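**Student:** Build me a model from this:
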Amino acid sequence: MNNVNRIKQDNLCVQCGVCLAACPRKCISMKKDGFNFCPEISDDCVNCGICLNVCSSTKMFDFDLSENFEQIMAGKVLNVFSVKSSDKTVLKNSASGGFVTKVVQELLNKSMYDFAFLLKGYDYDVQLETQIFDKNSDFSQSQKSRYLTVSHAQTCEYMFRNPDKKIIIVATGCALNGILNFIKLKKLKRENYLFLGLFCDKTMNYGVVEYFRQHPVSIGKNISQLFFKDKRAGGWPGNVRIEYDDGSFVDLPNTSRMEVKDYFILERCLYCLDKLNRNADISIGDNYIEKCMDSEGANSIIIRSVLGQRVFNEVKKCFLVEENTLEDLILSQRIKDKKLNLEFARFKKFGINSENNDFLSFYQEALRKREIVQHKDLYNSIQKDLSLQKQKTLTKVKKVKFCGLTIFKKKEKNKKIYYSVLGIPFKLKKKS
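**Tutor:** From the prediction side, this is the model:
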């Protein structure tokens, strides 16, 4: 099998749609499969392998660990800043500091770029697709975080049809790497494209939308718009806001999103080592560096390329800027925790054996949570599971170190000792 069906069967598809755009015979379509939108291959496929060549998951396990782990995760870094838009309207409507929106607006207004491809709207009945924006577009519907899979097929198809247009592309690391593969395949000019890469910890499938439809606050109502991260009720880091077609809305605490994220993440996210979007020109995420944090929100950005530095110099007057260190950013983004992803990736690549079973309970628990999403009664099934987890609330909590990770050692009233990392419980086996 020399096509992306292999990726799909291995549960490594990120649903970015780049393979659809790359297929020369138009054999690929994106079909809804449960809560996912996956490639479907028609009988016209000749197994040319082009879709595999552009897929960002094809070589995702070809990692080189000869360097320092944190350096591998960080990638090439020219400068690190915390930034906040001086435009209060953009800042207020943003998920954090408004960096992406303001940069795109400035570059389009100055005719440095012709178009940008961004998301538009907050209705999730179909898969999100990037839309073309110019300097006259309304950017208010492009702001805020979605956390869901996004198709970049339209972006790639437009790039191929219009090779001389200068385009701004906003994407998570997995999709961005697929688009870079597409540029190489089609022999497009890399310098025509500015990549604004989003930090990404986990991407969810569309089951999370159904979860909030089944939430008690939504019973008897139809959701018109769902904002996973909204600052209107209490500022940054933002609550979940659900708006209904009768004009009413409700704000839920951000914990209502955070506590269910692991149930809906793509399996591929368990193995990802590119949280900071290494191949972007500028990488952007929420600022968690304490000295720069406030309720308005701010972005942490990494300038990675000469093009990224040139663009930042052009737009930095539009922002409140504070220089930071890479060490502060790595600490604030909890990059060390991604060592767990590395262990999961080893399980996926090499299988489970006696040499790597220290992390097996982590891996099994992460996969178990994803299986709960198969239940039709999503909300109640997940809440029941969360309740069982909370029943293990322990009277004593102590931090210990294990394989470079921060482990929480906890003692229950029955005097049993439990350990957890990233909320995943496990038991340490005593060596004989």
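**Student:** Going by neighbour count, list what's buried in the one helix or strand Asp385 maps to.
**Tutor:** Following DSSP states H and E, one finds Asp385 within helix 378-390. Buried positions in helix 378-390, judged by neighbour count with 16 or more other Cβ atoms under 10 Å: Leu378, Tyr379, Ser381, Ile382, Gln383, Asp385, Gln389. No exception for glycine: its C-beta is placed from N, CA and C like everyone else's.
**Student:** Now it: average pLDDT?
**Tutor:** Mean pLDDT, helix 378-390: 90.
**Student:** Also stretch 265-274?
**Tutor:** Mean per-residue pLDDT for stretch 265-274: 95.
**Student:** Adding distance to Ser56, write the buried residues of helix 378-390 out as CSV.
**Tutor:** Formatted as CSV, the buried residues of helix 378-390 follow (distance: Cβ to Cβ, whole Å):
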residue, distance to Ser56
Leu378, 29
Tyr379, 32
Ser381, 31
Ile382, 29
Gln383, 34
Asp385, 31
Gln389, 32
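**Student:** give me every residue that touches the spatially most central residue of the chain.
**Tutor:** In the chain, the residue lying closest to the centroid (Cα atoms, centre = their mean) is Cys200, at 3.3 Å. Cys200 makes contact with Thr172, Gly173, Cys174, Cys272, Asp274, Lys275, Asn277, according to Cβ atoms under 8 Å, 6 or more residues apart in numbering.
**Student:** of the residues you listed, closest to Ala21?
**Tutor:** Proximity of the contacts of Cys200 to Ala21 (Cβ to Cβ) peaks at Cys174, which lies at 15.4 Å.
**Student:** would you say the closest one is within a helix?
**Tutor:** Yes: counting by DSSP: H, G, I helix; E, B strand; the rest coil, Cys174 is found in a helix.
**Student:** Do I have it right that it meets Ser57?
**Tutor:** Yes: between Cys174 and Ser57 there is a contact at 7.3 Å, judged by Cβ atoms under 8 Å.
**Student:** shared neighbours, those two?
**Tutor:** Val14, Arg268.
**Student:** Mind checking which of the two has more residues around it?
**Tutor:** Neighbour count, other Cβ atoms under 10 Å: between Cys174 and Ser57, Cys174 has more, with 26 against 23.
**Student:** pLDDT value on the more buried one, please?
**Tutor:** 97.
**Student:** Repeat that for Met1.
**Tutor:** Predicted confidence (pLDDT) for Met1: 81.
**Student:** Same question for Val250.
**Tutor:** 97.
**Student:** List the contacts of it.
**Tutor:** The neighbourhood of Val250, defined by Cβ under 8 Å, 6+ apart, consists of Val217, Arg241, Ile242.
**Student:** And these, which is closest to Cys13?
**Tutor:** Distances from Cys13 to these, taken as Cβ to Cβ, are shortest for Ile242 (28.4 Å).
**Student:** Could you list everything that closest one pairs with in the sheet?
**Tutor:** Leu226, Val250 (DSSP bridges).
**Student:** gap between it and Ser94?
**Tutor:** According to Cβ to Cβ, to the nearest Å, Ile242 stands 19 Å off from Ser94.
**Student:** Many thanks, have a good one.
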